[in-house]
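[1] Next one to model:
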Amino acid sequence: MGLRPQDADTARAFFERNFQPVRIARLGEAAGLLTGYFEPVVAGSRFPSPEFHVPVYRRPRDLVAVGYKDASIAFPNKGARIARRTANNELVPYHDRGAIEAGALDGQKLEICWLKDPFDLLTMQIEGSARVILEDGTPLRISYDSHNGYRYGSIERVLVERNLIPRQEMSAQRIRDWMAAHPDEAAKVRAANRSYVFFRVTGLSNEGEPVGAQGVPLTPGRSIAVDRVHEYGTPFFIEANLPIESGKSASRFGRLMIAQDTGSALVGPARADLYWGAGDDAGRIAGRIRHPGRFAMLVPRELDLVAAGRQMPLPVPKPKIAEVEVDKTDGKGNAPSANAGAIAAGKEMSKHPASPAPKPKMLASDIKKEAKKEDGKGRATSANAGATAAGKEMPKHPASPVSKPKMLASDVKKEVKNEDGKGRATSANTGATVAGKDLRKHPASLALKPKMAASDVKKEVKKEDGKGKATSPNTGATVADRQPSKHPASPAAKPKAPAIEVKKRDGKGKANSANSANSGEDWRATVGSGRPSAPARMAN
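    Down below sits the predicted model:
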């Protein structure tokens with residue numbers, strides 16, 4: 001062991017001479033995330049009993065990682081499909097925690113030992129290793145071997161969301177006490193974490209520390225678990241303010257640490273679990289740490305970082321998502337309309353010739369309730385005011401099996417009589433009235449407009465403001481005194497439904513129709529791990 005440095009100064013000089021620091025973090029972030037883990041020490045037994053009734057399982061024979069050999073020592077903890085091989089050689093999802101705790105693995109002789117408390121097993125699975133002290137005092141060292149393929153789910157989050165434990169009271173001991181007092185409900189909470197870890201025996205001694213994923217024993221305060229984007233053995237210098245001495249205050253932490261382990265909840269370049277040793281004291285320190293930290297990765301000076309950067313793969317491009325924009329009203333209350341262009345041109349949107357099913361009829365009273373939605377100044381829009389202003393009936397066609405419901409003139413009058421403080425009303429078909437032409441209708445029109453007396457229409461339109469101004473929907477058609485063109489036999493057409501428009505207004509009461517036109521523009525609205533307080537560490 002001649003390579004072991006004799007003192008701290010010698011070690012520091014070695015790293016400064018042979019390595020260069022490179023600051024790492026996620027894109028757009030200055031710091032990473034630090035958490036802690038430890039090795040639990042729990043009581044257990046080789047045999048089941050009323051006291052020791054919680055089994056610790058080794059890897060089942062039907063658990064497979066697709067693409068990996070069964071004899072592989074390093075079972076993948078993420079990035080691989082984990083499945084169960086059935087008797088018919090089919091691969092299906094493996095049993096989750098709820099099924100396993102309910103006895104899905106009973107009778108397969110997979111038990112390594114038995115524990116008193118299901119919370120002890122949950123803690124061991126989160127931390128990835130444990131020392132089980134058997135009845136005769138023999139320490140049984142076990143470590144992570146494999147898992148059932150489900151992602152870890154935070155027990156703490158479930159307890160808080162279900163209002164079972166207040167967030168400010170959350171701690172390992174508080175969870176243990178609650179589960180002991182509510183065993184039936186505790187099983188349901190644990191089942192929310194579908195992930196389940198299987199173990200292997202690594203020794204029968206209290207000497208030394210658990211072996212990490214790198215295959216070497218961990219060192220308390222110096223070993224860290226990282227994402228597998230990093231190579232085992234990589235040195236990091238980590239800076240942070242951590243509550244090591246107590247939970248009430250944090251002290252400056254700056255230390256050289258070595259990547260020797262990994263975990264399924266560790267994702268990202270600047271994400272690390274700090275190993276603090278075995279036992280309850282180490283567990284208390286680990287449980288307090290969930291803090292930001294700055295990472296400097298030490299890379300060999302022989303490595304040309306510029307050349308290495310050229311070989312780095314580019315990030316995967318973002319998938320293209322269909323964008324749909326929502327009309328946004330400007331400060332003056334003007335909102336773009338979807339079909340403004342077609343109305344300005346005095347043209348109706350094209351209809352499909354074959355429309356077998358007519359739309360359902362609506363009572364005039366229902367239409368009135370839908371349309372009569374006003375702002376604070378009383379403005380409203382009428383859907384077919386143009387036809388009423390013209391005082392003429394919509395054209396009838398020979399083959400019109402279905403007609404629109406008739407509306408009393410008094411009802412229509414109430415619909416149109418929604419004005420602002422200046423007596424102005426907005427019409428859905430203003431463009432067509434300016435052009436002096438009614439909207440063209442397709443020959444196949446199955447629906448008829450309701451009849452109205454001219455005297456009633458006159459009363460409807462004659463809604464004036466203080467200056468005597470009023471807006472009529474189809475003024476052009478009235479002046480021209482023309483009746484909309486009639487078409488010969490109409491075999492089938494898409495029925496017209498009353499245009500009920502809901503307006504959005506600003507403080508000045510201006511509004512535009514949502515479907516008044518297609519302006520030619522395509523308005524779209526863009527369709528727009530951390531780990532839990534205890535890390536879901538699964539060391540290979």
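[2] hey, let's count contacts and neighbours off CA atoms from now on
    OK.
[3] where along the stretch 51-200 of the chain do the helices fall?
    Listed in chain order, the helices of the stretch 51-200 of the chain (DSSP state H, counting those that start in this stretch) span residues 97-101, 118-127, 155-161, 172-181, 183-191.
[4] And those helices: which comes nearest Trp276?
    Evaluated with C-alpha to C-alpha, these place helix 118-127 nearest to Trp276, the distance being 11.3 Å.
[5] Quick one: list the elements packing against the closest one.
    Packed against helix 118-127 by the contact rule (3 or more C-alpha pairs under 8 Å, 6 or more residues apart in numbering; DSSP states H and E) you find strand 32-39, strand 54-57.
[6] circling back: just the helices of the stretch 51-200 of the chain: most buried one?
    Stretch with highest mean neighbour count among the helices of the stretch 51-200 of the chain: helix 118-127 (a mean of 22; mean count of other C-alpha atoms under 10 Å).
[7] and that helix with helix 183-191, angle?
    Helix 118-127 runs at 10 degrees relative to helix 183-191, counting by axes from the mean of the first three to the mean of the last three C-alpha atoms, to 10 degrees.
[8] Give me the average confidence score over helix 118-127.
    What helix 118-127 shows for mean pLDDT is 95.
[9] Need the CA coordinates for that helix. CSV is fine.
    As requested, C-alpha coordinates have been extracted for helix 118-127 and formatted as CSV (Å, rounded to 0.1, in the frame of the first residue of the first chain):
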residue,chain,number,x,y,z
PRO,A,118,-42.3,-3.9,8.3
PHE,A,119,-40.9,-0.4,8.6
ASP,A,120,-37.5,-1.9,9.3
LEU,A,121,-37.7,-3.7,5.9
LEU,A,122,-38.8,-0.6,4.2
THR,A,123,-35.9,1.3,5.6
MET,A,124,-33.5,-1.4,4.5
GLN,A,125,-34.9,-1.3,1.0
ILE,A,126,-34.5,2.4,0.8
GLU,A,127,-30.9,2.4,2.1
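[10] how far off strand 32-39 does that helix point, in degrees?
    130 degrees.
[11] Report the separation between Arg85 and Val66.
    For Arg85, the distance to Val66 under the criterion C-alpha to C-alpha, to the nearest Å works out to 10 Å.
[12] The two: which has the busier surroundings?
    With other C-alpha atoms under 10 Å as the criterion, Arg85 and Val66 differ in neighbour count, and Arg85 comes out ahead with 17 against 14.
[13] Check the closest residue to the more buried one other than its chain neighbours and give its pLDDT.
    By the measure of C-alpha to C-alpha, 6 or more residues apart in numbering, the closest residue to Arg85 outside its immediate chain neighbours is Leu91, 4.7 Å from it. Reported pLDDT at Leu91 in the predicted model: 94.
[14] contacting residues for Leu91?
    Contact analysis of Leu91 by C-alpha atoms under 8 Å, 6 or more residues apart in numbering lists Ala83, Arg84, Arg85.
[15] Is it possible to get CSV of the residues you listed that adds pLDDT and distance to Ala270?
    Output for these, formatted as CSV (pLDDT from 0 to 100; distance: C-alpha to C-alpha, whole Å):
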residue, pLDDT, distance to Ala270
Ala83, 94, 31
Arg84, 95, 34
Arg85, 93, 37
